[in-house]
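Participant: no FASTA, just this:
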Ligand code: BGC
């Protein structure tokens, strides 16, 4: 048990956002015009996919109920993404119906007292964009900017907009010929990184023009050097994380997405220790990772920080609460040290399609696979109480 007296001392700034996050492809279902859907069904190249997204959580239709559960629990924010493949299913055709759908989501969030936090790009692309080279071609920057311009009506009443989710993961995964190493990540692809930064700048200009605050969210890996491996860790983190945090200097905010750590030895990333607890994604159970991500983001970008994702894949909801408690303690320590942290949005609102499989369950809310009936977990009530009281017990 954590000492409640210590926890009572945690302080959260006024107006702190307490929320949960999702991404369109992972919860909506039926996202047939996206590159991921095509990959899931073998129509586009890529590593094998264990199971397709199918109807996912059917949140495309059930988002009002999902948002209501979050609001009723006590949360005051919901982060979701809009799906480019729905808004522009063919190059140059903009679906007014899709725009209207996402606008309804924004309105629904507002009517429930949830601050809508809108992501413009969360991993998936329209299939036409992917077939024509995706982010491996220079045309990607203009294509993305054109999509953002078309989507501006959605954010007319939105304050916080994430241009691109985890551009560092987009870059490290951009070259289909490069497989995943057994430990760590492939390096970022420099030309893709450059295009993502250019696309982010174009989107930021458009988003600011629409009156919202723009930033992007980086997957922070808490690179921890073993003694003597400091320069190895610095070099390792450069193309995989730091270049994206540095690019956020001058943005309106920076998003931190943290799950675990990576220890770095003299030859690079080290395997997880045999005695370490692992989550359902195989990652080390390491709640303080988020604090390290926040500190690195703050040191590099120097702009207000939002934790836009943090959570754990587990079938044991009590362990989810333990993890989140540990993570919130780490967040609070950064605030006590003077870091301008303005929100904590848990990953994820719902159990969802974890890029190839539904097995790693990250959600505060489960659902019946046949009926889609929502089943909130105790962790949702727990986080809602933290949001309402500020107390982390
Ligand atoms: C992504 C999510 C993903 C989560 C857990 C982040 O990398 O933004 O889409 O589900 O981590 O793996």
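Facilitator: Everything's here; your move. The structure displayed is predicted, hence computed values, not measured ones.

Participant: Now residue 76: closest residue in space that isn't a chain neighbour?
Facilitator: Distances taken as C-beta to C-beta, 6 or more residues apart in numbering place residue 18 nearest to residue 76, at 5.6 Å, with adjacent residues excluded. Placement of C-beta: from N, CA and C, glycine included.

Participant: Show me what the one you found is bridged to.
Facilitator: Beta-bridge pairing of residue 18 under DSSP bridges involves residue 344.

Participant: Looking at it now. What's its pLDDT?
Facilitator: Per-residue confidence at residue 18 stands at 98 (pLDDT).

Participant: measure it to residue 349 for me?
Facilitator: 12 Å (C-beta to C-beta, to the nearest Å).

Participant: So the two - more neighbours on which side?
Facilitator: Counted by other C-beta atoms under 10 Å, residue 18 and residue 349 do not tie: residue 349 has more neighbours, with 29 against 23.

Participant: any idea how far that one lies from residue 59?
Facilitator: The gap separating residue 349 from residue 59 is 9 Å, by C-beta to C-beta.

Participant: hey, what's in contact with both of those two?
Facilitator: 22, 27, 66 (C-beta atoms under 8 Å, 6 or more residues apart in numbering).

Participant: And those, which is closest to residue 302?
Facilitator: residue 22 (28.8 Å; C-beta to C-beta).

Participant: What strand or helix carries the spatially most central residue of the chain?
Facilitator: When C-alpha atoms, centre = their mean is applied to the chain, the residue found nearest the centroid is residue 309 (4.8 Å). In this structure, residue 309 is located in strand 305-310 according to DSSP states H and E.

Participant: Direction-wise, compare the helix or strand just after that strand with strand 305-310 and give the angle.
Facilitator: Downstream of strand 305-310, the next assigned helix or strand under DSSP H and E is helix 317-336. Our comparison of helix 317-336 with strand 305-310, counting by axes from the mean of the first three to the mean of the last three C-alpha atoms, to 10 degrees, yields an angle of 170 degrees.

Participant: Could I get the buried residue list for helix 317-336?
Facilitator: Neighbour counts over helix 317-336 (16 or more other C-beta atoms under 10 Å) mark 317, 320-332, 334-335 as buried.

Participant: Tell me the one of those residues nearest residue 382?
Facilitator: Closest approach between the buried residues of helix 317-336 and residue 382, by C-beta to C-beta: residue 321, at 5.1 Å.

Participant: mind listing what the closest one touches?
Facilitator: Going by C-beta under 8 Å, 6+ apart, residue 321 touches 378, 379, 382.

Participant: Of the residues you listed - the most surrounded one?
Facilitator: Within these, most neighbours by other C-beta under 10 Å means residue 379, with 24 neighbours.

Participant: Quick one: residues contacting that one.
Facilitator: 317, 320, 321, 324, 364.

Participant: re the thing from before, out of the contacts of residue 321, which one sits closest to the ligand?
Facilitator: Of all the contacts of residue 321, residue 379 has the smallest distance to the ligand: 15.8 Å, by C-beta to the nearest ligand atom.

Participant: in whatever helix or strand that closest one lives in, what's buried?
Facilitator: Assigned by DSSP H and E, residue 379 falls within helix 378-389. For helix 378-389, burial by neighbour count (16+ other C-beta under 10 Å) applies to 379, 380, 382, 383, 384, 386, 387.

Participant: Would you reformat these as JSON lines and include distance to the ligand?
Facilitator: Putting these into JSON lines (distance: C-beta to the nearest ligand atom, whole Å) gives the following:
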{"residue": "379", "distance to the ligand": "16"}
{"residue": "380", "distance to the ligand": "18"}
{"residue": "382", "distance to the ligand": "20"}
{"residue": "383", "distance to the ligand": "17"}
{"residue": "384", "distance to the ligand": "21"}
{"residue": "386", "distance to the ligand": "21"}
{"residue": "387", "distance to the ligand": "21"}
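
Participant: so which of those comes closest to residue 267?
Facilitator: Using C-beta to C-beta, residue 379 comes nearest to residue 267 of the buried residues of helix 378-389, at 38.3 Å.

Participant: how much space between the closest residue in space to that closest one that isn't next to it in sequence and the ligand?
Facilitator: Distances taken as C-beta to C-beta, 6+ apart put residue 320 closest to residue 379, at 4.6 Å, once the chain neighbours are dropped. Counting by C-beta to the nearest ligand atom, to the nearest Å, the gap from residue 320 to the ligand is 13 Å.

Participant: Skip the chain neighbours and tell me the closest residue to residue 72.
Facilitator: Leaving aside its chain neighbours, residue 72 sits nearest to residue 384 (7.8 Å; criterion: C-beta to C-beta, 6+ apart).
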